[in-house]
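**Q** Need the 3D shape of this:
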Amino acid sequence: MREKIFANALNQIYELGPKRLILLKNYLGGFENAWGASKQEIEKITGLKDFNDLRKNIDPEKEWAILEKENIKVIMPEDENYPQKLLETPYPPAILYVKGELPEPSALHLAVVGTRNISTYGQEACKKIVRDLSQAGLVIVSGLASGIDGLSHKTAIENKAKTIAVLGSGLWEKALYPPENKKLAQIIAQGNGALVSEYPYRMLATRFSFPQRNRIVAGLTTGTLVVEAPEKSGALITAYLALDYNRDIFAVPGPIFSKNSAGANNLIKAGAKAVTEAKDILKEYGFEIPSSEKNISLSAKEKIVLEALNEPMPVDEIIARTALKTEEINSILSLLEIYGLIKNNRGEIYKI
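**A** Sure, this is the predicted structure:
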């Protein structure tokens, strides 16, 4: 317990950071020893010159009491419940804060990541694939960001699956980012999984903390699915980290003219497995896939319309592509929706 108290106290010194925190532990034989070390020792190991000034304003017992009051657990690499997959990465966090309950480690954990600026295509692809993965019992891991991250968590919860949100801030409610996902964070922690962070309780997110937390997202999981991501995207950082950790990489292909899909398409060209449905992932891990083919006999014109829907599009575009009459298209779309083969989202028709 005392090691955790002093690990948390040292972690309040933002200037140390995760890597130097581990250095102190390794060089001085533990966090309690590090807390009591001289300014000269700390400077020699970490290069930090003002350690004493930073340390004097921190009360280890008081900081620990805050965590207990907020029902935040602290786990460290030597604990039995520390995620085994994180231990297999080059820099496992020296300290993890957990609010809620980590799902069973035996369950397959999959990272689902992507752009914050989600398109209709990305939204529907994410909901469809994550829904089916959740129903198969996978744990969905993401970063609580806007767009794909938040939608992945929500879809997992809606389908009775567990989810883990890895934060780029501390677990203090006022530090959670983005603010619009605070309610979602509460729902996750209240019986639907866990919020996880390596950062001290009150730390606000920075532009450096998000890329750094991506290593935990990749490290917790067996594979990473990129749903929709432009060429320069934090989601690709997660994918490349997963690759470094020898984990599986999956990506949802998108329209070739869509900047939002350029990153995912490039991953596929580089060797990531293309995913158009959850089965593509489930088969990789030996899940039994029940037959769910819809035994529907389609007319020639219905087949033409369905084949034209290779991406979400408005009715006018479908008419232009198929050269069918407006009244025919409206009738066919109604039937295809009844069959459960297509859906209409705010005027855009897409194939399910």
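**Q** pLDDT weak spots in this protein?
**A** Along the chain, the parts satisfying pLDDT under 70 run over 290-296, 338.
**Q** Report whether the expected contact of Asn115 with Leu236 is present.
**A** No, residue 115 isn't Asn; it's Thr. No - Thr115 is beyond contact range of Leu236, at 10.1 Å (criterion: C-beta atoms under 8 Å). The C-beta positions use only the backbone N, C-alpha and C, and glycine is treated the same way.
**Q** Residues that sit against both of these two, list them.
**A** Residues touching both Thr115 and Leu236 (C-beta atoms under 8 Å, 6 or more residues apart in numbering) are Ala229.
**Q** Of the two, which one has the most company?
**A** Neighbour count, other C-beta atoms under 10 Å: between Thr115 and Leu236, Thr115 has more, with 25 against 22.
**Q** For the chain, which helix extends over the most residues?
**A** helix 120-135 (DSSP state H).
**Q** what's the following helix or strand past that one in contact with?
**A** As assigned by DSSP states H and E, the chain's next helix or strand after helix 120-135 is strand 139-142. Strand 139-142 is contacted by residues 103, 107-113, 130, 133-134, 148-150, 152-153, 155-156, 161-166, 193, 217, 220-221 when judged by C-beta under 8 Å, 6+ apart.
**Q** Among these, name the buried ones.
**A** 103, 108-113, 130, 133-134, 148-150, 152-153, 155-156, 161-166, 193, 217, 220-221 (16 or more other C-beta atoms under 10 Å).
**Q** Inside strands: which ones of these?
**A** Of these, the ones assigned to strands by DSSP state E are His109, Leu110, Ala111, Val112, Val113, Thr163, Ile164, Ala165, Val166, Gly193.
**Q** got the contact list for the first one?
**A** Same thing as His109. Lys85, Pro103, Leu138, Val139, Val141, Ile164, Leu220, Thr221, Thr222.
**Q** what do you get if the cut-off is 6 Å, keeping everything else the same?
**A** Val139, Val141, Leu220, Thr221 (C-beta atoms under 6 Å, 6 or more residues apart in numbering).
**Q** Could you do the second one as well?
**A** Listed by C-beta under 6 Å, 6+ apart, the contact partners of Leu110 are Leu138, Thr221, Gly223.
**Q** which residues does it bridge with?
**A** Leu110 forms beta bridges with Ile140, Gly223, as assigned by DSSP bridges.
**Q** if I look at it, how far off is Glu104?
**A** Relative to Glu104, Leu110 is positioned 14 Å away (C-beta to C-beta, to the nearest Å).
**Q** before we move on, what about the last one?
**A** In this structure, Gly193 lies at 11 Å from Glu104, with C-beta to C-beta as the measure.
**Q** Specify which member of the contacts of Leu110 is nearest to Leu176.
**A** Nearest to Leu176, judged by C-beta to C-beta, of these is Thr221 at 21.8 Å.
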